[in-house]
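> Sequence and predicted structure are below.
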Amino acid sequence: MKVLITGSNGLLGQHLISVFVQNKTYDVIATGRGANRSPQRDHYIYEAVNLRDAGSVQQLVQKHQPDLIIHSGAMSQVDDCEKNKDACWDTNVGATRYLVNAAEKINASFIFLSTDFVFDGLNGPYDEEAPVNPINYYGTSKAAAERLVRNSKLSWAIVRTVLVYGVSNDPHRSNMITWVKNNLQQGKKIKVVDDQWRTPTLCQDLAEGCLLLAEKKATGMFNISGSEVLTPYDMAIKTAEYFQLDTSLIEKISSRSLSQPAARPAKTGLVIDKAINELGYKPHSFAEGLDIVAAEIK
Ligand SMILES: NC(=O)C1=CN([C@@H]2O[C@H](COP(=O)(O)OP(=O)(O)OC[C@H]3O[C@@H](n4cnc5c(N)ncnc54)[C@H](OP(=O)(O)O)[C@@H]3O)[C@@H](O)[C@H]2O)C=CC1
Ligand SMILES: Cc1cn([C@H]2C[C@H](O)[C@@H](COP(=O)(O)OP(=O)(O)O[C@H]3O[C@@H](C)C(=O)[C@@H](O)[C@H]3O)O2)c(=O)[nH]c1=O
């Protein structure tokens with residue numbers, strides 16, 4: 001079985017490479033922008049492709065003829081998406097269209113990574129049937145990409161996830177645990193919101209969830225996230241306590257005072273019963289996730 005992983009230099013992408021390579025039943029082709037930044041270098045092929053270039057995408061898929069495409073690549077910085085809507089749309093929707101078109105030509109299966117930000121956050125946690133109503137441009141672009149995938153002729157699965165945390169090599173975006181730990185270790189104060197509710201997701205769990213989907217050839221919408229509803233403030237305190245750092249450096253604030261360009265849905269989080277019952281998905285607790293991240297941080 002040949003699997004093509006997009007966004008392979010990203011936080012999830014790097015873990016998808018190791019999970020699928022270790023599984024040994026897949027020939028892995030990983031594609032990212034520019035040089036390969038994954039710490040795992042052998043037992044797979046890496047191809048540098050700009051997913052916003054339709055011709056390059058078609059050529060990549062035609063050359064490798066994957067049985068499955070896991071499309072993790074995206075413009076995932078929410079505020080950048082709000083400020084650069086064209087780039088956001090070209091990446092999150094345009095690239096998805098090119099991959100779907102190429103996949104349809106070879107009848108490849110398709111797993112698309114989506115987000116809790118397709119919801120307005122008025123009454124989370126959300127199950128797979130909840131109506132989407134994004135309140136920022138990033139969420140709007142991902143909801144549009146979901147519609148592209150759903151309306152395709154492909155055998156598809158859409159994975160929604162939430163606030164992914166973990167360790168990656170040369171990350172282009174920070175994530176919660178390392179952001180809190182690095183600041184507190186330098187004695188810096190941080191202001192953390194306690195009016196957003198999430199089900200934070202360990203990136204290894206998300207990667208394993210994608211493997212379960214691939215192995216079972218499952219189709220449809222699947223929520224794959226952590227099981228605990230936490231605020232970023234809860235996460236920051238737990239992280240500080242775990243690494244024995246000074247919790248008095250953490251100031252509790254409301255989202256309003258962050259004055260971010262993009263609005264964030266307040267109460268999201270995902271209901272993951274379907275993934276647990278149909279895939280055998282078993283996420284780590286946040287406490288276990290901290291153990292795993294701590295073991296990975298050099
Ligand atoms: N992180 C989170 O909290 C959540 C993420 N998701 C979704 O999960 C997926 C993975 O997220 P995550 O790993 O955290 O995101 P990252 O930003 O870490 O990874 C996304 C990757 O896509 C690549 N990419 C962006 N534009 C292009 C392009 N034009 N051509 C080729 N590659 C491109 C980036 O390249 P480069 O490294 O060079 O910038 C990056 O490596 C995304 O689809 C995201 O929307 C959903 C919910 C939560
Ligand atoms: C920068 C900052 C963030 N935060 C909080 C807000 C947020 O809940 C959390 C993580 O910060 P971020 O800016 O990465 O959050 P954000 O961009 O909202 O993260 C989103 O990323 C995209 C890709 C998704 O798909 C969403 O599921 C979600 O994870 O930390 C603070 O409390 N204080 C701060 O100074």
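Nice, I can see it. Ligands and ions are numbered 1, 2, ... in the order given.
> Taking this structure, what residue is nearest to ligand 1?
Distance from ligand 1 to each residue of the chain (C-beta to the nearest ligand atom) is smallest for Gly10, at 2.1 Å. The way it works is simple: take the backbone N, C-alpha and C, and place the C-beta from them, glycine included.
> What about that residue, how many residues nearby?
Counted with other C-beta atoms under 10 Å, residues neighbouring Gly10 total 26.
> now swap in the one 3 residues further on and tell me
Gly13 is flanked by 24 other residues according to other C-beta under 10 Å.
> Give me every residue in this structure lying close to ligand 2.
76, 78, 115-117, 162-163, 176, 191-193, 196, 232, 258, 264 (C-beta under 6 Å from any ligand atom).
> Which of these are buried? Put it as a ChimeraX command.
Buried residues among the residues of the chain next to ligand 2 (16 or more other C-beta atoms under 10 Å), as a ChimeraX selection:
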select :76,78,115,116,117,162,163,176,192,193,196,232,264
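> Can you flag which of the residues of the chain next to ligand 2 belong to helices?
Val78, Met176, Pro232 (DSSP state H).
> which residue ranges form the strands in the chain?
Using DSSP state E, the strands of the chain run over residues 2-6, 27-32, 45-48, 68-71, 109-115, 156-161, 164-165, 190-193, 201-202, 220-223, 250-253.
> How confident was the prediction at His172?
Per-residue confidence at His172 stands at 85 (pLDDT).
> mind listing what it touches?
By C-beta atoms under 8 Å, 6 or more residues apart in numbering, the contact list for His172 reads Asn9, Gly10.
> how far away is it from Ile250?
25 Å (C-beta to C-beta, to the nearest Å).
> cool, and Asp86?
If you go by C-beta to C-beta, the gap between Asp86 and Ile250 works out to 37 Å.
> beta partners for Val192?
With DSSP bridges applied, Val192 shows beta-bridge pairing to Lys252.
> Contact partners for it?
Val180, Pro232, Tyr233, Ala236, Ile250, Glu251, Lys252, Ile253.
> From Asp80, how far out is it?
The separation that Val192 has from Asp80, given C-beta to C-beta, amounts to 21 Å.
> likewise Ala275?
29 Å.
> ok, the closest residue to Leu154 other than its chain neighbours - contacts?
Nearest residue to Leu154, sequence neighbours excluded (C-beta to C-beta, 6 or more residues apart in numbering): Phe110, at 4.5 Å. By C-beta under 8 Å, 6+ apart, the contact set of Phe110 is Leu68, Ile69, His71, Leu99, Val100, Ala103, Val149, Ser152, Leu154, Ser155, Trp156, Ala157.
> Tell me the pLDDT of the first one.
Read that as Leu68. Leu68 is given a pLDDT of 98.
> and it, what are its bridge partners?
Val3, Ser109.
> so it touches Phe112, yeah?
No - when contacts are counted by C-beta atoms under 8 Å, Leu68 is not listed as touching Phe112 (11.6 Å).
> Which residue of the two possesses the greater neighbour count?
Phe112 (27 against 22).
> State whether that one and Val159 are indeed in contact, as I suppose.
Yes - counting by C-beta under 8 Å, Phe112 touches Val159, with 7.0 Å between them.
> ok, back up a step: from the contacts of Val192, which is closest to ligand 2?
Using C-beta to the nearest ligand atom, those come closest to ligand 2 at Pro232, 4.0 Å.
> Need the per-residue pLDDT for that closest one.
98.
> about what we covered before: kindly identify which of the contacts of Val192 also come near ligand 1.
Residues of the contacts of Val192 in contact with ligand 1 (C-beta under 6 Å from any ligand atom): none.
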